[in-house]
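Enquirer: Got a sequence here, can you model it:
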Amino acid sequence: VQLVESGGGLVQPGGSLRLSCAATGFTFSSYILSWYRQAPGKERELVAGVTSAGHGRIWLDSVKGRFTISRDNAKNSVYLQMNSLKPEDTALYYCAARRTTMQEYAYWGQGTQVTVSS
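Expert: Below is the predicted model:
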């Protein structure tokens, strides 16, 4: 089982990035997928989640209106489109998978670094 994130990097404030998370080894389409982030010295925070049916929700108030989550079950992938990036969005971004909201996350990726700086 693997979740592999990609798409991170260094971007100027106001820029955009699209993160991807590719899954292998489990029935991707049956899982809820989420994006978390963790900045240095801070706790990990839930950014967004998407159900197996593709209903996405942004949980983090500070990114509402700027970030969008989506998934493509045919490609076993989940995405996080990030627009109007701010320096405070700098963090390691992780994807995670679980079967239901009543269960713990079963799988985590290693993360992809996003740095927003001029």
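
Enquirer: Give the bridge partners for the residue sitting nearest the centre point of the chain, please.
Expert: Central residue of the chain (CA atoms, centre = their mean): Trp35, 2.8 Å from the mean position. Counting by DSSP bridges, Trp35 forms beta bridges with Ala48, Cys95.

Enquirer: isn't it right next to Val78, touching?
Expert: Yes - counting by CB atoms under 8 Å, Trp35 does reach Val78; the two are 7.5 Å apart. To be clear about C-beta, it is placed using only N, CA and C from the backbone, and glycine gets the same treatment.

Enquirer: Overlap of the contact sets of those two?
Expert: 21, 69, 95 (CB atoms under 8 Å, 6 or more residues apart in numbering).

Enquirer: and the second one, that's in a strand?
Expert: If I follow you right, that is Ile69. Yes - assigned with DSSP: H, G, I helix; E, B strand; the rest coil, Ile69 falls within a strand.

Enquirer: I'd like the distance from it to Leu92, if you could.
Expert: Separation of Ile69 from Leu92 (CB to CB, to the nearest Å): 17 Å.

Enquirer: got the buried residues for stretch 23-33?
Expert: For stretch 23-33, burial by neighbour count (16 or more other CB atoms under 10 Å) applies to 23, 26, 28, 31-33.

Enquirer: again, but for stretch 1-10
Expert: Quick answer for stretch 1-10 (16+ other CB under 10 Å): 3, 5, 7-8.

Enquirer: Going by distance to Val116, which of these wins?
Expert: Gly8 (10.7 Å; CB to CB).

Enquirer: Spatially nearest residue to Arg37, not counting backbone neighbours?
Expert: Spatial nearest neighbour of Arg37, chain neighbours left out: Ala91 (3.9 Å); criterion: CB to CB, 6 or more residues apart in numbering.
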